[in-house]
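In: here is a sequence with its predicted model. Questions after.
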Amino acid sequence: MRLVFAFLIAGAFLFLKPADKTPVKEFTINGLAQGTTYHIIYFAADSIITKRQVDSVLNKIDSSLSIYKPYSLISQFNQSETGIAVDRHFVNVLNASVAAYKATNGLFDITIAPLVEAWGFAAKHITEIPDAAKVDSLLACVGSYNLVLKKNFLTKLKPCVKIDVNGIAQGYSVDVLANFFERHGIHNYLVELGGEIRLKGRKLPGNEKMKVGIESPPNDEMDDEIMQQVIELDSGAITTSGNYRKYYESNGKKISHLIDPRTGYSVQNEMISATVYAKDAITADAFDNALMVMGIDSALHFAEARKDIAAYFIYKRKDGTVADTASTRFYKLLHP
């Protein structure tokens, strides 16, 4: 489950472009998709993009990548013994996932699906949590090196290999929508799906950068989230991974949906959330999960070492108090 972003954009208005005097408006589209909500704001002379078009784009992605739809390509692949032919959405996400797998030394791994399912964070309901023997047996099915793509046919090297792209698919969906807007000549927009954001351009007519608020998680004293940081952007993507929403407790231990592919168990470290800025949402979405697995010191070092991302972290100190920090490039995005 992702943190919810508040995007700070004023209400609808009109203005006249100096060159052609064409009236430009702010348009909004809201809806439900992929088990969450989406919110879109764009600036144009007319309502060029409709909700029906947005829903159609998202439905096509779901038909490829949703583990909750039995007819989807990913469901067919997971049920197959050797593999299936896949579409361009599948190929795009697979290639980005493998790249993130290599960049993080396996900390981002879409073949984690058997463990995600065993711990109760997939479509299948569980009646008991897995024991050590079960975890060990499922670890043998994990590893993106078990996937081989030739043209549009994806092969699994072991029948037990399954994939779950929930850690990257929403970011990809946001990118697909952003590219859809671009193809229709819209270059001032903000697309948000499940807290994952990609934007381009400015708020009009003031030509101001868009502001994105990152909310802090609730603590014992506050039930509601509060605004933690505000960043200013005119292009790029922001995504967040957190461990405080999608979890359950078992024998006094918090079991979150973030599973460490090295151990097969729920991540148990000081991290509360990791927010990543990148040029596109698929990149940010993949890395925010891996940073959560790394822990604060390794995550900060990783973010500083890469020129294509900036990152912001909320974590618990050893004394239990909550703190935050960020990479050097992220501090430059903060609104003064």
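Out: It's in.
In: which residues sit in contact with residue 164?
Out: By Cβ atoms under 8 Å, 6 or more residues apart in numbering, the contact list for residue 164 reads 67, 110, 112-113, 116-117, 122. Heads up, the C-betas are built off the backbone N, CA and C, glycines and all.
In: please apply the same query to residue 156.
Out: Contact analysis of residue 156 by Cβ under 8 Å, 6+ apart lists 77, 80, 82-83, 146-148.
In: in helices, which of the residues you listed fall?
Out: Among the contacts of residue 156, DSSP state H puts residue 77 in helices.
In: give me the buried entries from the contacts of residue 156.
Out: 77, 83, 146-147 (16 or more other Cβ atoms under 10 Å).
In: low-confidence ranges, the stretch 201-336 of the chain, go.
Out: 217-227, 244-248, 251-252, 336 (pLDDT under 70).
In: just the helices in it please.
Out: Under the criterion DSSP state H, counting those that start in this stretch, the stretch 201-336 of the chain contains helices at 281-294, 296-305, 328-331.
In: how far away from the center of its chain is stretch 84-91?
Out: Chain-centre distance of stretch 84-91: 20 Å, with Cα atoms, centre = their mean, to the nearest Å.
In: got the end-to-end distance for it?
Out: Its first and final residues considered, stretch 84-91 spans 12 Å by Cα to Cα, to the nearest Å.
In: report all helices and strands that the helix or strand that contains residue 116 contacts.
Out: Taking DSSP states H and E as the definition, residue 116 sits inside helix 113-118. The elements that helix 113-118 packs onto, with contact taken as 3 or more Cβ pairs under 8 Å, 6 or more residues apart in numbering; DSSP states H and E, are helix 132-139.
In: list the helices and strands the helix it packs on packs on?
Out: When contacts are defined as 3+ Cβ pairs under 8 Å, 6+ apart, helix 132-139 sits against helix 113-118.
In: starting at the chain centroid, how far to the helix it packs on?
Out: On Cα atoms, centre = their mean, the centre of helix 113-118 falls 19 Å from that of its chain.
In: contacts for that helix, please.
Out: 67, 78, 122-124, 126, 129-130, 134-135, 138-139, 141-142, 160-164, 166, 257, 259, 261, 264.
In: which among the residues you listed count as buried?
Out: Buried among the contacts of helix 113-118 by 16+ other Cβ under 10 Å: 67, 78, 122, 129-130, 135, 138-139, 141-142, 161-164, 166, 257, 259, 261, 264.
In: ok, back up a step: just put the contacts of residue 156 in TSV and tack on pLDDT.
Out: Shown next, in TSV, are those (pLDDT from 0 to 100):
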residue	pLDDT
77	98
80	98
82	98
83	98
146	98
147	98
148	98
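In: can you count the residues close to residue 238?
Out: 28 (other Cβ atoms under 10 Å).
In: residues contacting the closest residue to it other than its chain neighbours?
Out: Spatially, and ignoring its direct neighbours in sequence, residue 238 is nearest to residue 197 (4.8 Å; Cβ to Cβ, 6 or more residues apart in numbering). The neighbours of residue 197, taking Cβ under 8 Å, 6+ apart as the test, are 5, 7, 174, 190-191, 212, 237-239, 281.
In: on that earlier part again, among the buried ones among the contacts of residue 156, name the ones in strands.
Out: Among the buried ones among the contacts of residue 156, the members falling in strands (DSSP state E) are 83, 147.
In: so which pair among the buried ones among the contacts of residue 156 is furthest apart in space?
Out: 77 and 146 (12.1 Å; Cβ to Cβ).
In: where along the stretch 1-150 of the chain do the helices fall?
Out: Under DSSP H, counting those that start in this stretch, the stretch 1-150 of the chain gives helices at 51-65, 73-79, 88-103, 113-118, 132-139.
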